[in-house]
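Participant: show me how the following folds:
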Amino acid sequence: MFWRVSIGIAAAQLAHRRRQTIVSTLGVALGVGFFVATSALMSGSEKDMVQRLVDNAPHITVKDEFRTAAPQPVFIVYPEAAVSLTSTKPREYLRGIKNHGAKIEELSRQTGVIAEAALTGTAIVRYAAKDVSAGIAGIDPEKERFLTTIEDDMQTGSLMRLKTASQGIVIGQGMAIRLGLGMDDLATVVSPEGIVRRMKVVGIFRTGNLLLDEGQVYMLLKDAQVLLNKPFVANRIRIKIADPDMAEEVAAELESRWGYRTESWQEVNRDFLGLFVIRNIITYSIVGAIMAVAAFGIFNIISTVVMEKRRDIAILMSMGFRASDIQWVFLVQGVFVGVIGMVLGWLLGLILLQMLGTVEIKVPGLMDTQKLPLEKGIFQFGVGGLFALVSAIAAAWIPARKASQVRPVDIIRGAT
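Facilitator: Numbering: from 1, shown residues only. Next comes the predicted model:
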């Protein structure tokens with residue numbers, strides 16, 4: 001009985017202050033709508049960038065180096081010696097991963113794991129009296145197309161042509177334009193050791209990454225070993241696993257077993273991934289400020305009603321309304337505003353998502369035209385709606401509690 005009367009009283013009071021109610025409701029709706037849109041945009045762009053990082057490079061890379069320099073034997077034998085030995089030089093070792101073939105075979109036997117031995121280095125690519133410094137990657141084309149997206153980025157030719165062409169190379173479109181190279185042209189590749197090879201362009205790729213497109217050359221592993229004068233040597237083991245999120249754990253395990261520095265994609269991009277946290281804090285702080293302003297609007301309405309209706313509250317309490325019933329009347333007003341604002345905010349969020357979905361962005365010289373990445377899930381709507389309800393109820397609770405503490409005798413005596 002009382003709750004039906006309470007709802008009727010709450011609705012009547014909101015209707016009486018129609019203009020203020022509409023303004024507060026629109027404030028909540030704007031907060032929810034912008035939260036849905038910005039959250040979808042932020043989450044979508046974050047997942048898109050992480051997906052690019054995961055797809056464009058191996059999940060784990062084993063390098064022919066050690067995370068820390070090996071200690072000198074004298075420091076191992078005499079760890080607490082009184083005499084200090086200075087100007088020591090770490091022991092030199094033959095570069096390259098030992099028994100890389102056995103390691104590749106061991107990794108390949110695991111379910112969902114693709115492992116490839118590679119040799120990287122630098123060289124000069126020369127054509128028509130023009131020189132370009134490039135990074136050399138000796139690879140296995142059959143596995144490379146699963147480790148990276150280079151095969152999907154091919155503009156002309158194919159990565160697999162490296163297996164059939166003699167002394168073939170695959171270059172980026174930026175390098176091809178700078179040197180004037182085309183398909184099947186012969187370029188001169190000069191290694192730091194002075195070895196010169198005439199190599200045929202069998203493929204041209206375009207990733208949108210300027211560094212790769214202008215400075216990366218792919219060739220067969222055996223051709224890279226000859227060019228860099230490192231026969232039977234591989235200085236990288238590139239690995240892709242079934243669950244990219246487990247890359248850090250797997251990398252730590254491999255490094256503890258083999259000793260070589262092993263980097264996961266999370267470690268390589270840790271600084272970049274950290275930017276997402278800062279960006280999300282800034283974005284949600286701004287949206288939270290909008291919701292806070294809307295909550296103050298609700299607080300203002302209900303506080304004003306409480307101040308103006310103290311005599312009415314006293315009469316209701318003298319008629320049998322309990323303090324909790326009075327508090328419920330004003331809490332219902334906050335819930336009404338929060339629910340209506342939440343629904344309107346969801347509609348506004350859907351409209352904004354539709355508008356953002358039609359926006360196309362093109363960065364000249366960096367990437368093709370593409371649409372904004374959006375994550376359209378129930379998470380954004382659920383969190384936005386919950387935030388609206390909590391803000392509305394919290395804003396209504398203080399004046400509602402104050403209303404429940406009114407003493408009818410004092411109010412009625414004061415009125416008389």
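Participant: middle-most residue in this structure, spatially?
Facilitator: Glu46 (3.0 Å; CA atoms, centre = their mean).
Participant: which helix or strand contains that residue?
Facilitator: helix 18-56 (DSSP states H and E).
Participant: pull out the buried residues from that helix.
Facilitator: Within helix 18-56, the residues that count as buried by 16 or more other CB atoms under 10 Å are 20-21, 24-46, 49-50, 53-54, 56. In this view, the C-beta of every residue, glycine as well, is placed from N, C-alpha and C.
Participant: same check on stretch 110-119?
Facilitator: For stretch 110-119, by 16+ other CB under 10 Å, it's Val113, Ile114, Ala115, Glu116, Ala117, Ala118, Leu119.
Participant: show me where the stretch 251-400 of the chain has helices.
Facilitator: In the stretch 251-400 of the chain, the helices defined using DSSP state H, counting those that start in this stretch lie at 265-268, 270-308, 310-318, 323-357, 378-404.
Participant: out of the buried residues of stretch 110-119, which one sits closest to Glu105?
Facilitator: Ala115 (8.5 Å; CB to CB).
Participant: which residues does the closest one contact?
Facilitator: Lys103, Ile104, Leu107, Ser108, Lys143, Ile237, Arg238, Ile239, Lys240 (CB atoms under 8 Å, 6 or more residues apart in numbering).
Participant: tell me the phi and psi of Met183?
Facilitator: For Met183, the backbone dihedrals are phi -60, psi 140 (criterion: degrees, to the nearest 10).
Participant: ok, now which ones touch it?
Facilitator: So Met183 contacts Thr156, Gly157, Val201, Val202, Gly203, Ile204 (CB under 8 Å, 6+ apart).
Participant: kindly recompute the last result at 7 Å.
Facilitator: Applying CB atoms under 7 Å, 6 or more residues apart in numbering to Met183 gives the contacts Thr156, Gly157, Val201, Ile204.
Participant: pLDDT below threshold where in the stretch 151-300 of the chain?
Facilitator: Under the criterion pLDDT under 70, the flagged ranges of the stretch 151-300 of the chain are 291, 294, 297-298.
Participant: tell me where it has strands.
Facilitator: 154-157, 168-172, 186-190, 196-205, 216-220, 236-240, 262-264 (DSSP state E, counting those that start in this stretch).
Participant: got those strands as TSV, with mean neighbour count and distance to Ser285 columns?
Facilitator: Compiled in TSV, these are given as follows (neighbours: other CB atoms under 10 Å; distance: least, CB to CB, whole Å):
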stretch	mean neighbour count	distance to Ser285
strand 154-157	16	43
strand 168-172	26	40
strand 186-190	17	52
strand 196-205	20	41
strand 216-220	23	40
strand 236-240	24	37
strand 262-264	22	31
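Participant: C-terminal to the top strand by length along the chain, what's the next element?
Facilitator: Using DSSP state E, we find that the single longest strand of the chain is strand 114-127. Next helix or strand after strand 114-127 toward the C-terminus (DSSP H and E): strand 130-139.
Participant: other SSEs contacting that next one?
Facilitator: strand 114-127, helix 173-179, helix 210-215, strand 216-220, helix 221-227 (3 or more CB pairs under 7 Å, 6 or more residues apart in numbering; DSSP states H and E).
Participant: try 6 Å
Facilitator: strand 114-127, helix 173-179, strand 216-220, helix 221-227 (3 or more CB pairs under 6 Å, 6 or more residues apart in numbering; DSSP states H and E).
Participant: parallel or antiparallel, list what pairs with the third one.
Facilitator: Translated: strand 216-220. Take DSSP bridges as the rule and strand 216-220 pairs in its sheet with strand 130-139 (parallel), strand 168-172 (antiparallel).
Participant: now do the last one against strand 196-205, angle only.
Facilitator: Following axes from the mean of the first three to the mean of the last three CA atoms, to 10 degrees, one obtains 50 degrees for the angle between strand 168-172 and strand 196-205.
Participant: give me the angle between strand 168-172 and strand 186-190.
Facilitator: 90 degrees.
Participant: tell me the angle strand 168-172 makes with strand 114-127.
Facilitator: Using the same axes, to 10 degrees: strand 168-172 against strand 114-127 is 80 degrees.
Participant: who's in contact with strand 168-172?
Facilitator: 159, 162, 199-203, 205, 212-214, 216-219 (CB atoms under 6 Å, 6 or more residues apart in numbering).
Participant: returning to what we had before: now the helices of the stretch 251-400 of the chain in a markdown table, with mean neighbour count?
Facilitator: Converted to a markdown table, those look like this (neighbours: other CB atoms under 10 Å):
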| stretch | mean neighbour count |
| --- | --- |
| helix 265-268 | 18 |
| helix 270-308 | 16 |
| helix 310-318 | 18 |
| helix 323-357 | 20 |
| helix 378-404 | 20 |
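Participant: quick one: closest of those to Arg257.
Facilitator: Once the helices of the stretch 251-400 of the chain are compared by CB to CB, helix 265-268 is nearest, at 17.2 Å.
Participant: got the contact list for the closest one?
Facilitator: Under CB under 6 Å, 6+ apart, the answer for helix 265-268 is Leu53, His59, Ala247, Glu248.
Participant: of the residues you listed, which is the nearest to Val125?
Facilitator: Nearest member of the contacts of helix 265-268 to Val125, counting by CB to CB, is Leu53, at 27.2 Å.
Participant: what sits closest to the closest one if chain neighbours are left out?
Facilitator: Asn269 (5.5 Å; CB to CB, 6 or more residues apart in numbering).
Participant: kindly provide the distance from the one you found to Asp48.
Facilitator: 14 Å (CB to CB, to the nearest Å).
Participant: quick one: Gly135 and Ala123, what's the gap?
Facilitator: Taking CB to CB, one finds Gly135 at 8 Å from Ala123.
Participant: no no, Pro244
Facilitator: 31 Å.
Participant: likewise for Ala242?
Facilitator: 35 Å.
Participant: returning to what we had before: mind checking the helices and strands packed on strand 130-139 for the one nearest to Ser264?
Facilitator: strand 114-127 (14.4 Å).
Participant: what about that closest one, distance to the chain center?
Facilitator: 29 Å (CA atoms, centre = their mean, to the nearest Å).
Participant: got it, and stretch 228-239?
Facilitator: With CA atoms, centre = their mean, you get 32 Å for stretch 228-239.
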